[in-house]
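In: sequence-free structure coming up:
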């Protein structure tokens, strides 16, 4: 059974939680601002929910 921190989420859900444009998100990955994706297959990626929650928490703390 997966724990909530081990859950993987796809890009549409990531962008719902952290509202930036798709192109801004990928630019942020390239520059190291946002967490890298986990490859699920040749054309499929997801992000660790725990990484996204940490990103949101860190952004809130910086304000």
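Out: Perfect, thanks for sending it. Because the structure is predicted, anything quoted here is derived from the model rather than measured.

In: any buried residues in the biggest helix by length in the chain, and which?
Out: For the chain, the helix reaching the highest residue count under DSSP state H is reported as helix 49-62. Neighbour-count burial for helix 49-62, with 16 or more other CB atoms under 10 Å as criterion, is recorded at 49, 51, 52, 55. (Each C-beta comes from the backbone N, C-alpha and C, glycine too.)

In: same thing with stretch 36-47?
Out: Result for stretch 36-47 [16+ other CB under 10 Å]: buried residues 37, 46, 47.

In: kindly report the same for stretch 22-29.
Out: Neighbour-count burial for stretch 22-29 flags residue 25 (criterion: 16+ other CB under 10 Å).

In: flag the shaky bits of the chain, pLDDT-wise.
Out: Residue ranges of the chain with pLDDT under 70: 1-5, 63.

In: where do the helices of it begin and end?
Out: Ranges of helices in the chain, per DSSP H, are 11-17, 22-31, 49-62.

In: looking at these, which is closest to residue 42?
Out: Among those, helix 11-17 comes nearest to residue 42, with 15.9 Å by CB to CB.

In: ok, residues contacting the closest one?
Out: With contacts defined as CB atoms under 8 Å, 6 or more residues apart in numbering, helix 11-17 is touched by 9, 21, 22, 25, 45, 46, 47, 52, 56.

In: could you redo the last one with a cut-off of 10 Å?
Out: Helix 11-17 is contacted from outside by 9, 20-22, 24-26, 34-35, 37, 45-47, 49, 51-53, 55-56, using CB atoms under 10 Å, 6 or more residues apart in numbering.
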